[in-house]
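K.L.:
predicted structure and sequence below. I'll ask about it afterward.
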Amino acid sequence: MRAAPWMLGAVLTGLAGCAPTTMSPMGVRLARGGAGHVTKRAGIRTGPRLSVPLQTPEEFQGNRAPFSSPQWSVAYDADLLIPVGGGTGVHVGFQGEVGCDEVEATCPVPVPGYGLSLGMSHFFQLGDVSIAPAVVLRGATDFGFASVGGPSSVLGVEASASLALHGDDAVFGVVPFIGVHRLIISDRTASATYAGVALAGQFEIGGGEFVELTAGAGRVDMRGVEPWWAPIFGIRGGP
């Protein structure tokens, strides 16, 4: 079970691509975390490539094929939750994906897309119920490489709230979110809103380790583009 996130990531890496993938919700927090203890999570998650309908409209299928690549992708994801006191924590995240130029059907070298995020959350708990609102800033780019959905970069801010019910060895929650993103595509810019909800669960697997699962959907809205729903899936683990 410990290697599950990495095994699943290896299987799905073929779907990963170069244009930045927008993974939400970014500020998932189902547990307080120990004072002075940095919580580490790593695995894979999915999300839409917001640039596709503008950069390669001929490949955009919207709700007709929500799982289609390049408009939906899988990316590696890791983050740290750093406690700063009083239930407040700082989120530092990293995203990485590797793909090929599918348009030219060539892949001389892996073509990376990377993203970084930074945010803050506060954890409130009353008995077995908790809520953790969060705000996260995010930036991502494919460094100008020509690929499906790219080249493009994105800057965004997202607000979310993790509502959770705590059991002995598991936590179950729901995480609504809304994010506003600014896309930088070649020599022009565009704005997009991505909002939705994810169900989340965190399960203790022994030895202080845990697995976190997420599943849900979010809607992408931008001017001049048919709105579409993107499925959300994720599996991460940590010590």
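P.N.:
Perfect, thanks for sending it. Numbering: from 1, shown residues only.
K.L.:
helix or strand right after the lowest-mean-pLDDT helix or strand in the chain?
P.N.:
Least confident helix or strand, the chain: helix 4-12 with a mean of 43, by mean pLDDT, DSSP states H and E. Note on helix 4-12: by DSSP states H and E, the next helix or strand toward the C-terminus is strand 39-48.
K.L.:
same for the top strand by length along the chain, what does it pack against?
P.N.:
Counting residues, the longest strand found in the chain (DSSP state E) is strand 188-206. With contacts taken as 3 or more CB pairs under 8 Å, 6 or more residues apart in numbering; DSSP states H and E, strand 188-206 sits against strand 153-166, strand 170-185, strand 209-221, strand 228-238. Every C-beta, even on glycine, is put in place using the N, C-alpha and C of the backbone.
K.L.:
tally of neighbours for F60?
P.N.:
Look at F60: counted by other CB atoms under 10 Å, it has 20 neighbours.
K.L.:
do the one 4 residues further on as well
P.N.:
Other residues within reach of R64, judged by other CB under 10 Å, total 9.
K.L.:
what's the spacing between it and W228?
P.N.:
To W228, R64 is 9 Å away according to CB to CB, to the nearest Å.
K.L.:
equivalent analysis for G119, please.
P.N.:
Taken as CB to CB, the span from G119 to W228 is 26 Å.
K.L.:
ramachandran angles for the residue of the chain positioned farthest from its centre?
P.N.:
Most distant from the centre of the chain: G127, at 29.3 Å, with distances by CA atoms, centre = their mean. Torsion angles at G127 (phi, psi; degrees, to the nearest 10) stand at phi 70, psi -130.
K.L.:
state the distance from it to A164.
P.N.:
For G127, the distance to A164 - CB to CB - is 12 Å.
K.L.:
please apply the same query to H181.
P.N.:
26 Å.
K.L.:
go on, T88?
P.N.:
From T88 to A164 the distance is 17 Å (CB to CB).
K.L.:
one more: F124?
P.N.:
Following CB to CB, the distance that separates F124 from A164 is 11 Å.
K.L.:
over to D77?
P.N.:
20 Å.
K.L.:
which stretches of the protein have low pLDDT?
P.N.:
Where the chain drops to pLDDT under 70, the residues are 1-17, 98-111, 146-148.
K.L.:
more neighbours: F124 and A164, which one.
P.N.:
Applying other CB under 10 Å to F124 and A164 shows that A164 carries more neighbours, namely 24 against 11.
K.L.:
show me what the more buried one is bridged to.
P.N.:
S130, G173 (DSSP bridges).
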